[in-house]
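A.B. asks: Sequence first, then the predicted structure, then my questions.
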Amino acid sequence: MARIVLTGGAGFIGTHIIVEAITQSHEVLVIDNFVNSSPKALDAVKKIVGQDFEFLDADLCDEGKIKHVFEKFKPDFVIHLAGLKAVGESVEKPILYYEQNILSTLSILKAMDNCGCKVIIFSSSATVYGEPQYLPLDESHSFGPTNPYGKSKLFIEEILKDWAKADASAKAICLRYFNPVGAHASGLIGEDPQDIPNNLFPYVAQVASGKREFLSVFGNDYDTPDGTGVRDYIHVCDLAEAHIAAVENSQNIEGWDAINLGTENGCSVLEIKDAYKRMSNRDIPYKIMPRREGDVGSCWSTSAKAKTLLGWEAKRDLEDMCSSSWKFQSKHPNGYDDN
Ligand code: UFG
């Protein structure tokens, strides 16, 4: 049993990690300030796991508070997910993104040093690679994030590298997510974007439920089999399991390391739309629109390193991703706050 602090635990990925951590008998302290999430998501988690867990409503940049709470809880591990994550907003408000994402990480590292916690697992992103120079993307691919959000992920990875270098017993595990989608099989937790969804899956879910009229397909002239963008979609429950695998196999990591989390499979926008239509039994009207600025044609991952170091690989397929997403969407047509 490990004692885990989970930052950003009320969000889409965080809620699924709480379920997995408690199912595997770990003790969690969740920290969130609900800037981009709802307390109802945590109530739903409690329903799934049938028990309560420790929770703190706090801004991670509040160093004094975070230090005090870490001293009391004495974590063995920190899983750090909290952060601002909207690509477009990060271009408009770069300083806010650097300030929030970087200062909160520094505050956590200080609190860890103060209480002797040696392992941090950080939610990084495939976005650190920028435009793929070859596929599948492996961890030694060059870097080239194209927006402040992606750069903040890369800068934090570098900070963690120096932090781990300064103490022979410290470990920093950067998990580079590809495209997390889907929901818990219960349909009680899932992705609940607060505004118009930026990402494909929640948008398709809202078209299927009738909340949005049609899907805009951003470009059909990419160099891909059907011309639409190809991505490596990974089920959020597989992603959650990877974090707990990182906790349970941290002895395999020396100092700092980065590990891709994907499925080794690429799916196009039209393939997603068709699969979602099949699994939801709803019509999904769509229109072909111009390319979205900053998008790449194709992006998918290798999983070799995750398999070797964490003993983890993705198990769930596209049908699981669509059917679970639809279950959550149909139970929460207007998100958590409407239920
Ligand atoms: N797409 C559409 N219509 C939409 C939304 C998306 O056609 O309404 C297309 C995009 O053009 C792309 C694919 O669907 O081809 C996936 O787009 P997403 O926005 O869902 O995901 P991205 O791959 O663009 O972005 C994700 C994460 C980011 C991260 C990025 C790079 O959401 O946080 O991967 O790793 F920065």
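C.D. replies: That came in fine, so what should we check first? Residues are numbered from 1 along each chain as shown.

A.B. asks: Test my guess that Ala275 contacts Cys322.
C.D. replies: Yes. With contacts counted by Cβ atoms under 8 Å, Ala275 reaches Cys322, the gap being 4.9 Å. Any C-beta I mention is one placed from the backbone N, CA and C, and that applies to glycine too.

A.B. asks: Compare the two and say which is more crowded by neighbours.
C.D. replies: The residue with more neighbours, out of Ala275 and Cys322, is Cys322; 26 against 19, by other Cβ atoms under 10 Å.

A.B. asks: For the closest residue to the more buried one other than its chain neighbours, give its distance to Phe328.
C.D. replies: Spatially, and ignoring its direct neighbours in sequence, Cys322 is nearest to Met279 (3.9 Å; Cβ to Cβ, 6 or more residues apart in numbering). Distance, Met279 to Phe328, using Cβ to Cβ, to the nearest Å: 12 Å.

A.B. asks: do the same with Asp274
C.D. replies: For Asp274, the distance to Phe328 - Cβ to Cβ - is 20 Å.

A.B. asks: These two - which one has more neighbours?
C.D. replies: Phe328 (24 against 15).

A.B. asks: Could I get the full set of strands for this structure?
C.D. replies: For the chain, the strands defined by DSSP state E occupy 3-7, 27-32, 54-57, 77-80, 119-125, 171-177, 179-181, 215-218, 230-231, 233-235, 256-261, 267-268, 286-289, 298-299.

A.B. asks: mean confidence for the last one?
C.D. replies: Taken as a whole, strand 298-299 has an average pLDDT of 96.

A.B. asks: show me what contacts the residue of the stretch 201-339 of the chain found nearest the ligand?
C.D. replies: When scored by Cβ to the nearest ligand atom, the stretch 201-339 of the chain has Gly229 as its residue closest to the ligand, at 2.2 Å. The contact partners of Gly229, by Cβ atoms under 8 Å, 6 or more residues apart in numbering, come to Phe218, Gly219, Tyr222, Ser268, Val269, Asp295, Val296, Gly297, Ser298.

A.B. asks: Please name the residues that touch Glu241.
C.D. replies: Glu241 touches Glu20, Trp312, counting by Cβ under 8 Å, 6+ apart.

A.B. asks: So what's the residue count around the residue nearest to Gly11 when sequence neighbours are not counted?
C.D. replies: Once flanking residues are discounted, Gly11 sits nearest to Ser37: 4.7 Å by Cβ to Cβ, 6+ apart. Look at Ser37: counted by other Cβ under 10 Å, it has 21 neighbours.

A.B. asks: same thing with Val19?
C.D. replies: Counted with other Cβ under 10 Å, Val19 comes out at 21.

A.B. asks: now do the one 3 residues further on
C.D. replies: The local packing of Ile22 (other Cβ under 10 Å) involves 20 other residues.

A.B. asks: beta partners of Ile121?
C.D. replies: Ile79, Ile173 (DSSP bridges).

A.B. asks: Surely it touches Leu175?
C.D. replies: Yes. Counting by Cβ under 8 Å, Ile121 does reach Leu175; the two are 6.4 Å apart.

A.B. asks: who has more neighbours, those two?
C.D. replies: Ile121 (26 against 23).

A.B. asks: Now do the same contact list for the more buried one.
C.D. replies: So Ile121 contacts Phe77, Val78, Ile79, His80, Ile173, Leu175, His243, Ala246, Val247 (Cβ under 8 Å, 6+ apart).

A.B. asks: 10 Å - rerun?
C.D. replies: 4, 6, 17, 77-81, 171-175, 242-244, 246-247, 250, 253, 259 (Cβ atoms under 10 Å, 6 or more residues apart in numbering).

A.B. asks: Next: Gln329.
C.D. replies: 183, 187, 190-192, 201-202, 204-206, 208-209, 211, 276, 280, 282, 335.

A.B. asks: Keep only those of those that are in helices.
C.D. replies: Secondary structure defined by DSSP state H assigns Phe201, Pro202, Val204, Ala205, Gln206, Ala208, Tyr276, Ser280 of those to helices.

A.B. asks: Mind picking the two most distant members of the residues you listed?
C.D. replies: Pro202 and Ser280 (13.3 Å; Cβ to Cβ).

A.B. asks: and for those two, which residues touch both?
C.D. replies: Contacts common to Pro202 and Ser280, judged by Cβ under 10 Å, 6+ apart, are Ser325, Gln329.

A.B. asks: As a check, name the ranges of all helices in the chain.
C.D. replies: Using DSSP H, helices in the chain cover 12-23, 39-49, 63-73, 87-92, 94-115, 148-165, 200-208, 236-248, 269-280, 304-310, 318-331.

A.B. asks: that older thread, quick one: which of the ones in helices among the contacts of Gln329 is nearest Glu71?
C.D. replies: Using Cβ to Cβ, the ones in helices among the contacts of Gln329 come closest to Glu71 at Pro202, 38.2 Å.

A.B. asks: That closest one and Gly182, how far apart?
C.D. replies: 11 Å.

A.B. asks: joint contacts of those two?
C.D. replies: Counting by Cβ under 10 Å, 6+ apart, the residues touching both Pro202 and Gly182 are Phe12, Gly190, Glu191, Ser325, Phe328.

A.B. asks: I'd like the distance between the last one and Gln51.
C.D. replies: What that stands for is Phe328. From Phe328 to Gln51 the distance is 21 Å (Cβ to Cβ).
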